[in-house]
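>>> Below are the sequence and a predicted model; questions follow.
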Amino acid sequence: MTAEQVTVREGCTDLLVPSGYSSRGPGTRGPSVFYNRQMAFARDVSVMLLRALGPLSAVDCMSAAGSRAVRLANEVQGVHVTANDISAEAYEQIGRNIELNGLKNCDASNMDLACLLAEQRFGYVDLDPFGSPVPFLHAAIKGVERNGVLAVTATDTAPLAGARRDKCERRYMARPLRGPICHEAGLRILMGAVARDLARFDRGMEPLLCFHSDHYFRLHLRVTKGAQRADAMLRRLGWMRYERDSLKRSVSASPEGHPHGPMWLGPLHDRGVLERMEADESLAEPRRCAKALELWSEELDTPICYEVSELSSKLKINPPRMERLLESLRRRGEASRSHVSPTAFRCALPMEDVLDAYREAAGIDNI
Ligand SMILES: C[S@@+](CC[C@H](N)C(=O)[O-])C[C@H]1O[C@@H](n2cnc3c(N)ncnc32)[C@H](O)[C@@H]1O
């Protein structure tokens, strides 16, 4: 072991990583091989998902130190994992981590992912770049087997969530939304961009689990084959309207009067898959995983969501407790929390009903 290396334990796996590793935020490209402790939760999710999907061949296209690939090989039964990275130092580090965990079902690879995926297809393809996944999407799509799974990380939250509108328009060919629901829109814009790329190859997608957390968006998509599936997928894309003063929001299949998008308007998760995922004690962050599974399973599919702060400022009342607010909304129709923010809720009721429910939950009589 060189002087700058430390061994950390994540889940049931030991990982040899540079001692100055990132523990918060997106991390940055640096001279040493990349490892970010904060992404342990996202790697836990990969472990839970692959355990639920059953035996398959997986490729972690951008492995860096091999943290995800080595964890998958070590913690999921029946998988074979290729841990790839274009960097020679990363490749060596991956090799050390495979050896450290005594793995026979994990191979290190040192290729440009586009070359690797032109030669070989996998049941699970994972893209985890610095920033945007857009430059790598075509190659990744080609590398997914029929009905395989594509997993994508995006850490370029500023463009996707509307802080850099110009960049979002260039990269994702979509107009983002600034304001309280910017991360919901950002997640769906990313999904919409992947869907449009899939359609070019006559592929469709079924979201298994797509979420926003910390400083990143993460998608897990079943990739289906055929022009009809691609067309059906494209019909689930649309645009959003958000009126700052009235707080009204709506979605439409056409951009007319709905300037934000295109974005995916279908479900974010597959509840059947979520039910099979288990947050057991072997994970790095089992309690956080259990809470997230509960939240993802319970949230409604609607893209219409609100932050309590915007309702409180409009009505000039203190926010009610979330449980009370949900009860009050549910007396009028369907409502749920949103995983995107602990102070947000999903609800497709008419605006007047939402405002009435909010006043009721806050103990203010309707006038
Ligand atoms: C954000 S890091 C990956 C983090 C890693 N997945 C983890 O969980 O710790 C991005 C990695 O992608 C690698 N990379 C960049 N371009 C690549 C390419 N075209 N093919 C393969 N790897 C690439 C970089 O060398 C870097 O190690």
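Done, it's in. These numbers were taken from a predicted model, which means no experiment stands behind them.
>>> give me the number of residues near the residue of the stretch 1-150 of the chain found nearest the ligand?
Using C-beta to the nearest ligand atom, the single residue of the stretch 1-150 of the chain nearest to the ligand is residue 62, 3.2 Å away. In this view, the C-beta of every residue, glycine as well, is placed from N, C-alpha and C. The number of residues packed near residue 62 is 23, by other C-beta atoms under 10 Å.
>>> same thing with residue 51?
19.
>>> same check, this time on residue 351
15.
>>> and the residue lying closest to it once chain neighbours are set aside, what are its phi and psi?
Excluding its sequence neighbours, the residue lying closest to residue 351 (C-beta to C-beta, 6 or more residues apart in numbering) is residue 248, at 5.0 Å. Main-chain torsions, residue 248, degrees, to the nearest 10: phi -70, psi 140.
>>> where along the stretch 101-250 of the chain do the strands fall?
In the stretch 101-250 of the chain, the strands defined using DSSP state E, counting those that start in this stretch lie at 106-109, 122-127, 144-154, 203-213, 216-225, 237-242, 249-252.
>>> what's the model's confidence in the fifth one, averaged?
Averaged across strand 216-225, the pLDDT comes to 98.
>>> Now do the contacts for the residue of the stretch 201-350 of the chain at minimum distance from the ligand.
Closest residue of the stretch 201-350 of the chain to the ligand, C-beta to the nearest ligand atom: residue 216 (9.9 Å). Residues near residue 216 by C-beta atoms under 8 Å, 6 or more residues apart in numbering: 26, 39, 42, 153, 154, 155, 157.
>>> Kindly report the same for residue 257.
residue 241.
>>> Is the residue nearest the centre of the chain bridged to anything, and to what?
The structure's the chain has its C-alpha centroid closest to residue 218; by C-alpha atoms, centre = their mean the separation is 1.9 Å. Taking DSSP bridges as the rule, residue 218 bridges to residue 153, residue 211.
>>> Would you check that it makes contact with residue 155?
No: at 9.7 Å, residue 218 does not count as touching residue 155 under the criterion of C-beta atoms under 8 Å.
>>> quick one, longest helix in this protein?
When the chain is parsed with DSSP state H, its longest helix is helix 182-200.
>>> What are the buried residues along that helix?
Within helix 182-200, the residues that count as buried by 16 or more other C-beta atoms under 10 Å are 182-199.
>>> just stretch 331-341 next, same as before
Across stretch 331-341, burial judged by 16+ other C-beta under 10 Å covers 332, 335, 336, 337, 338, 339, 340, 341.
>>> if I pick the last one, what's in contact with it?
When contacts are counted by C-beta under 8 Å, 6+ apart, residue 341 is found next to 183, 307.
>>> what bridges to the residue nearest to residue 203 when sequence neighbours are not counted?
Leaving aside its sequence neighbours, residue 203 sits nearest to residue 223 (C-beta to C-beta, 6+ apart; 5.4 Å). Beta-bridge pairing of residue 223 under DSSP bridges involves residue 205.
>>> Kindly report the same for residue 338.
Beta-bridge partners for residue 338, by DSSP bridges, are residue 341.
>>> That one contacts residue 345, correct?
Yes: between residue 338 and residue 345 there is a contact under C-beta under 8 Å: 6.0 Å.
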